[in-house]
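Novice: After the sequence you'll find the predicted model.
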Amino acid sequence: MSKRAYFGTDGIRGQANKHPMTAEVALRVGMAAGKLFMSKDERRHLVVIGKDTRLSGYMIEPALVAGFTSVGMDVRLFGPLPTPGVAMMTRSLRADLGVMISASHNHFADNGIKLFGPDGYKLSDERELEIEALMDQGLQEGLATPEGLGRVQRIDDCQARYVEIAKATFPRRLNLTGMRVVIDCANGAAYKVAPEALYELGAEVIRIGVSPNGFNINDEVGSTQPGLMQKTVKEYRADIGIALDGDADRLVICDEKGQVVDGDQIMALIADHWAKRDRLTGGGVVATVMSNLGLERYLAARKLKLERTQVGDRYVMARMREGGFNLGGEQSGHIILRDFATTGDGLLAALQVLAVLKESDQPLSALARQFEPVPQRLENVRFAAGRPLESEQVKAVLADAEQKLNGSGRIVVRASGTEPLIRIMAEGDDEKLVNQVVKEIAGAVKKAAA
């Protein structure tokens, strides 16, 4: 695959007002993607745009709008809406393209641009490369005539529509009456819709992370910092805590004791529940190389398979579509329920967990730990420049580590697609050995990156 100049594992991402997350790049994306997704027929072409609550959204959104309208594409603006909501609305409004402005779980200073095709699925690598090629070519060609410029309109009911779609995924025979739910919206895109959906289904809702100010997205709240959620659950004696990230395409949950449950355990819980009811398709679950070996063993004991992909929820979704799977996701909490959505959706995954809770009539602590995770160690090494993974020394240490684990575990070392980090993960039955090999690999990477 050709080297990508702008797109990473999940769209274009970076610090706001620094390349590539500038108004100029956003303008170029709008012009290039607009040209690519406009067919030759005479009809009006449409792009829909949603965003999270970052201050920089006010810079990126108008730049994208200028790009799309300059090539003759009409624009519908949603304002703050979860990433999966934008994917759903792309299909629902029969748009040619969907755009989400968000850097997901990152700090407010970052932002990003994610693109969805007319089918609501994230664009393929090939499509992104076509956009990149157009971005660096003569953008003055193919501009619309003065009368052919795109029109822009704000859509006010998109949040209400998303709430209705989300509620419809919850089993009709059930409701959440009698359940006390803590929902942490990370001061992000779901700050209105997630509490609303839970309330309308009958829950008593305790809301945190619902006061965005442009700067506080993911700040000591949300799926990557679940401490406040855990504390609030215990304080209010809630049945469950749900923490979404900034664009609400992922979640972590905690039980009534405040114990955190990650994406692997959530997938195990839903897979077992669906398999018993003949709802699980594809014969198993799709996850990434980062998912715990314990999940693989748990599924195997139930005669279900775990298919692994590279990191990135769109790769999980691509494999799900190929193999006819309806459940997949990532340990980090991207859970994809293909019966209902075309991308990870934290609220929809939470509703499935709540449905299992309701049907089982047991506390979440009795259900959430479906398997004993194999000891797993993660370490991130930041680097300024170069390609540390191409170092001969790093390769030698990796080979030695594989030999030490001798088939009783796994090692995954990769460059992050969104930050200048090398991510090192090892897991195995011997915790001491796992810690040792991660330390050795991290040491070698640090030397190579120095």
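Specialist: Perfect, I can see it now.
Novice: so where's this protein shaky on pLDDT?
Specialist: Along the chain, segments meeting pLDDT under 70 span 1-3, 418.
Novice: so where do the helices sit in it?
Specialist: 23-37, 57-70, 83-92, 125-135, 158-168, 193-200, 227-236, 263-276, 293-301, 313-323, 346-360, 364-367, 392-405, 431-449 (DSSP state H).
Novice: out of those, deepest packed?
Specialist: Stretch with highest mean neighbour count among the helices of the chain: helix 83-92 (a mean of 26; mean count of other Cβ atoms under 10 Å). The C-beta positions use only the backbone N, C-alpha and C, and glycine is treated the same way.
Novice: Just list what that one packs against, helices and strands only.
Specialist: strand 45-51, strand 73-80, strand 97-101, strand 110-116, helix 158-168 (3 or more Cβ pairs under 8 Å, 6 or more residues apart in numbering; DSSP states H and E).
Novice: How far off centre is the third one?
Specialist: A distance of 14 Å separates the centroid of the chain from that of strand 97-101, by Cα atoms, centre = their mean, to the nearest Å.
Novice: cool, the last one as well?
Specialist: The offset between the C-alpha centroid of helix 158-168 and the centroid of the whole chain comes to 19 Å, using Cα atoms, centre = their mean.
Novice: Which residues does that helix contact?
Specialist: Residues outside helix 158-168 that contact it (Cβ atoms under 8 Å, 6 or more residues apart in numbering): 50, 78-82, 85, 88-89, 92, 192-193, 196-197, 200-201, 345, 347-348, 351.
Novice: Please save the CA atoms from it in CSV.
Specialist: Output of helix 158-168 as CSV, limited to C-alpha atoms (Å, rounded to 0.1, in the frame of the first residue of the first chain):
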residue,chain,number,x,y,z
CYS,A,158,-30.7,14.7,14.1
GLN,A,159,-30.2,14.2,17.9
ALA,A,160,-33.8,13.2,18.4
ARG,A,161,-33.6,10.8,15.4
TYR,A,162,-30.5,9.2,16.8
VAL,A,163,-32.1,8.7,20.2
GLU,A,164,-35.1,6.9,18.5
ILE,A,165,-32.8,4.7,16.5
ALA,A,166,-30.8,3.8,19.6
LYS,A,167,-33.9,3.0,21.6
ALA,A,168,-35.2,0.7,18.9
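Novice: ok so, going back, so which of the helices and strands packed on helix 83-92 comes closest to residue 4?
Specialist: Nearest to residue 4, of all the helices and strands packed on helix 83-92, is strand 110-116, at 13.5 Å by Cβ to Cβ.
Novice: Tell me the gap between that closest one and the middle of its chain.
Specialist: 11 Å.
Novice: Same check on stretch 10-21?
Specialist: 17 Å.
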